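Engineer: how would this look folded up:
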Amino acid sequence: MTPDSLFQIASTVVLPGWAALAFAPLARARCVLIARIIAVLLSGLYVSLLAAGLAGEGPPAGASFDTLEGVRLLLSSPAALLAGWVHYLVFDLWVGSWEAEDNKLPHWLLLPCLALTFVAGPTGLLLYHLLKAARTLRT
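Structural biologist: Residues are numbered from 1 along each chain as shown. You can find the predicted model right below:
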């Protein structure tokens, strides 16, 4: 399978997990479980992409985690970029499932946090914590 087709598959497979979290008040534990199962399945794809990359040509010369240029080189191949994308999909979905499971906000306040976590991970997590802190201080 090509990196482009795997990108499309991974980007589509994650959507039911986010939909489940959006409907979490209907059956919170089940919806969180659905999201986490999808995250774990996508983790398997990530591991296989990582293994394939390490078994293949490996990273280009100069690739490292020490410099911004080194990280750019690490992600310079389509396969490595795909692995990075799947990494984001998995962790953002897992964080969203934690936000839903934590259950410290009314669902109408959780929804914007989930939406932001989906499209800009840390931004949604920050909003979740700010709203949670504001509600705690108010009581």
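Engineer: so what does the helix or strand that contains residue 80 touch, helix or strand wise?
Structural biologist: Remark: residue 80 resides in helix 78-102, with elements defined by DSSP states H and E. Where contact means 3 or more C-beta pairs under 8 Å, 6 or more residues apart in numbering; DSSP states H and E, helix 78-102 is packed against helix 3-13, helix 15-22, helix 28-55, helix 107-138. For glycine as for every other residue, the C-beta is placed from the backbone atoms N, C-alpha and C.
Engineer: most neighbours per residue, which of these?
Structural biologist: helix 15-22 (a mean of 19; mean count of other C-beta atoms under 10 Å).
Engineer: from the contact counts, what lies against that helix?
Structural biologist: Counting contacts by 3+ C-beta pairs under 8 Å, 6+ apart, helix 15-22 is packed against helix 28-55, helix 78-102, helix 107-138.
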